[in-house]
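Asks: A structural model of the following input is requested.
(chains A and B)
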Amino acid sequence: MGELMIGLYVFTLATLAGREVITKVPPTLHTPLMSGANAISGISIVGALVVAGRAEGTLQIVLGVAAIAMGTINVIGGFMVTDRMLAMFKKR
Amino acid sequence: MNQEILVELTYLVSAILFVVGLKRLQSPATARRGNAIAAVAMMLAILATVVDNEILSWTEIFVGVAIGGIAGGVSARMVKMTAMPEMVGLFNGFGGGASALVAIAEYLNSGANVGTGTYGVSIMLGTFIGGVTFSGSMIAFLKLREWMTGNPITYPFQKTLNALMFIAVIVLAVLAMGVGTAGQPLTMFWIMLALSLVLGVTLTIPIGGADMPVVISLLNSYSGLAASAAGFVIMNMVLIIAGALVGASGLILTMIMCKGMNRSLTNVMFGAFGGTAHVDKSQIGKRPVKRADAETVAMELGYAHSVIIVPGYGLAVAQAQHELRKAGDLLEARGVDVKYAVHPVAGRMPGHMNVLLAEADVPYDRLFDLDEINDDFENTDAVLIVGANDVCNPAARDPNSVIAGMPILNVDKARRTIVMKRSLSPGFAGIDNDLFYNDNNLMFFGDAKQSMSDLVKAIRELA
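Replies: Numbers count the residues shown, from 1 in each chain, chains lettered A, B, ... in the order given. Sure thing, here's the model as predicted:
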């Protein structure tokens, strides 16, 4: 089985797992869910690290730094703002 | 154990923790820890990547992290809860942008020679989806921030032009992979990137302000797919998994939002709804209504056994949620059973109103969504509707109405309804609301914040 097929299996199963987990999130938490998921999509920072770490040309370096900066905004900002929101949810 | 296996196992643990973190979001009691778990998962993934890859130039990485960390941290601390939709939109755009940049850098690294295999196709997908997510999210941000008109922007042949651009992107992507004799793959690649960015804009501008919750959710889904595509580029499983989770989450929220407005996704994307509905507006607000002042409303609510409060976005615009909570607390102190009914599209993104009420210290176990509370209205003494309109318009039950079939809160089944609103002007749907003219309805006109603090005073003065 080639890498592509393994990747597709993983992608499909992860999508199904995501569907199972996320349909059970109550509407009250939909905004934190979205901003938390958003922070998770900052996972592309992993790709940015790989690319920036081995960049050679000037353009590639600029692109790598920009990718890391954008990914970091997404990750740090996303998790922090989600935490700020969730801290406000209190039971009586 | 050699290093490669250790790195792979760390990625696996990271993927598991992402799922566990999201799972904890199923209850407000565990959600905060869930978010922290997801953050740990992210840290593990980053750590494994740094160990696994020979990082030649740390300077670039530190510069990028410093810029992004400060910008992200400061905005996360400063942002107002009412501004959360545009904040999420902006962050989302950066996530898509980062994925696109990864794909672009990979393309350049390969010397514009990527082939037509998984690698090449993933790079094209990452560039395209990431590009659309980036520019689309920026437009959504500008619209939500009101730095740009919230009305749909339309022009002739819009859909045809979009379709042609989409086809052009596919053709250019194939050429950029080095197929054919065009001989200029790099040039084709840059044109494809430019067209992707243009498409993000032209797909988002025809969507009206009221439909932004759908767009934000959909772009959220795209940013996940872009991350997955980037995962296929560097064949990294944790990227593929995390991207797939976000893609699924965004898609589910999109569907929930569409259902909340009883519109199909195609209709939201291509219908240019909001402000263009053709209805007779000449009769709006011409019929007689019963008016009430703060004292009357206080009596109606203060002597009721049960009260349901229906908050709408007008409440948040007026920043009246804190006063509302005070009124709710005073009523509860008098022994009134107070509940809050939140419609799925009450705010400007899924669950937005719940966050705004949580910020005002309304306990989350008092908040109920449409399905949970809709049968309770008929046994409720009084309903207080603050800054909401279309979501409780009984016209949705009339098959000939423009909002026919939209799920509404059955407020008109309660013994008494009180609508707190500036005027009789229509909501996003642009139609009159029969509820206002019902016999058992009272209109409490005024600015929500002022009216609410008058109401708080009046409830305090009740015997």
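Asks: could you find the closest non-adjacent residue to residue 52?
Replies: Just so you know, I chose chain A. Sequence neighbours aside, A:Gly64 is the residue nearest to A:Ala52 in space, at 2.9 Å (criterion: C-beta to C-beta, 6 or more residues apart in numbering or on different chains). Heads up, the C-betas are built off the backbone N, CA and C, glycines and all.
Asks: the intended chain is chain B.
Replies: Per C-beta to C-beta, 6+ apart, closest to B:Asp52 is B:Val7, 4.4 Å.
Asks: what's the pLDDT at that neighbour?
Replies: Looking at B:Val7, its pLDDT is 93.
Asks: same question, B:Ala244
Replies: Per-residue confidence for B:Ala244 comes out at a pLDDT of 97.
Asks: what number of residues lie near it?
Replies: 26 (other C-beta atoms under 10 Å in any protein chain shown).
Asks: hang on, it in a strand?
Replies: No - with DSSP: H, G, I helix; E, B strand; the rest coil as the criterion, B:Ala244 is located in helix rather than a strand.
Asks: is it correct that it is in contact with B:Ala229?
Replies: No - B:Ala244 is beyond contact range of B:Ala229, at 10.8 Å (criterion: C-beta atoms under 8 Å).
Asks: low-confidence ranges, the chain, go.
Replies: Looking at chain A here, since you left the chain open. Along chain A, segments meeting pLDDT under 70 span A:1.
Asks: oops, chain B please
Replies: B:1, B:56, B:181-182, B:271-283.
Asks: repeat that with 80
Replies: B:1, B:54-57, B:180-183, B:209-210, B:268-286, B:428-429, B:463 (pLDDT under 80).
Asks: that one: strands as residue ranges?
Replies: B:306-311, B:337-342, B:367-369, B:382-386, B:416-421, B:441-445 (DSSP state E).
Asks: looking at these, which is closest to A:Gly2?
Replies: When the strands of chain B are compared by C-beta to C-beta, strand B:367-369 sits nearest A:Gly2, at 45.0 Å.
Asks: what about the helices in chain A?
Replies: A:3-22, A:30-41, A:44-53, A:58-72, A:78-88 (DSSP state H).
Asks: the shortest one: which residues count as buried?
Replies: Counting neighbours by 16 or more other C-beta atoms under 10 Å in any protein chain shown, one finds that the buried residues in helix A:44-53 are A:44-53.
Asks: hmm, back to that, in this structure the residue nearest to B:Asp52 contacts B:Ala48, no?
Replies: Yes - at 4.8 Å, B:Val7 and B:Ala48 qualify as touching, with contact defined as C-beta under 8 Å.
Asks: the two: which is more packed in?
Replies: Ranked by neighbour count (other C-beta under 10 Å), B:Val7 and B:Ala48 place B:Ala48 first, with 22 against 17.
Asks: tell me the contacts of A:Ala87?
Replies: B:Arg32 (C-beta atoms under 8 Å, 6 or more residues apart in numbering or on different chains).
Asks: same check, this time on B:Thr118
Replies: Counting by C-beta under 8 Å, 6+ apart, B:Thr118 has contacts A:3-4, A:7, B:232, B:235.
Asks: what about B:Gln3, neighbour count?
Replies: For B:Gln3, using other C-beta under 10 Å, the count is 9.
Asks: if I look at B:Leu301, how far off is B:Gly312?
Replies: 18 Å (C-beta to C-beta, to the nearest Å).
Asks: count of neighbours near B:Leu218?
Replies: Neighbours of B:Leu218 (other C-beta under 10 Å): 25.
Asks: spell out which parts of the stretch 201-350 of chain B neighbour chain A.
Replies: Contact residues (C-beta under 8 Å from any C-beta of the partner chain) of the stretch 201-350 of chain B with chain A: B:216-217, B:220, B:223-224, B:226-228, B:230-250, B:252-253, B:256, B:342, B:344, B:347, B:349-350.
Asks: narrow the residues you listed to those that are buried.
Replies: B:216-217, B:220, B:223-224, B:226-228, B:230-234, B:236-250, B:252-253, B:256, B:342, B:344, B:347, B:349-350.
Asks: which of those residues fall in helices?
Replies: Those of those lying in helices (DSSP H): B:216-217, B:220, B:223-224, B:226-228, B:230-234, B:237-250, B:252-253, B:256.
Asks: take the buried residues of helix A:44-53 and lay them out in a markdown table including distance to A:Met70.
Replies: Shown next, in a markdown table, are these (distance: C-beta to C-beta, whole Å):
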| residue | distance to A:Met70 |
| --- | --- |
| A:Ser44 | 8 |
| A:Ile45 | 8 |
| A:Val46 | 13 |
| A:Gly47 | 11 |
| A:Ala48 | 8 |
| A:Leu49 | 13 |
| A:Val50 | 15 |
| A:Val51 | 12 |
| A:Ala52 | 12 |
| A:Gly53 | 16 |
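Asks: just put the helices of chain A in CSV and tack on distance to B:Phe134.
Replies: CSV is the format used below for those (distance: least, C-beta to C-beta, whole Å):
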stretch, distance to B:Phe134
helix A:3-22, 22
helix A:30-41, 12
helix A:44-53, 12
helix A:58-72, 9
helix A:78-88, 16
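Asks: how about those helices, which one is nearest B:Leu195?
Replies: Nearest to B:Leu195, of the helices of chain A and by C-beta to C-beta, is helix A:58-72 at 18.9 Å.
Asks: quick one: buried residues of the closest one?
Replies: Buried residues in helix A:58-72 (16+ other C-beta under 10 Å): A:60-61, A:63-72.
Asks: stretch B:421-433 too?
Replies: B:421, B:424, B:426-433.
Asks: same question, stretch B:42-50
Replies: Those would be B:42, B:44-46, B:48-50, for stretch B:42-50 by 16+ other C-beta under 10 Å.
Asks: farthest pair within the residues you listed?
Replies: Maximum distance among the buried residues of stretch B:42-50 (C-beta to C-beta): 12.7 Å, for B:Met42 and B:Val50.
Asks: and B:Lys339, how far from chain A?
Replies: 12 Å (C-beta to the nearest C-beta, to the nearest Å).
Asks: wait, doesn't that residue sit right on B:Phe368?
Replies: Yes - the pair B:Lys339 / B:Phe368 is scored as a contact, 5.8 Å apart, by C-beta under 8 Å.
Asks: what is in contact with the two at once?
Replies: Looking at what touches both B:Lys339 and B:Phe368 (by C-beta under 8 Å, 6+ apart), the common residues are B:Asp376.
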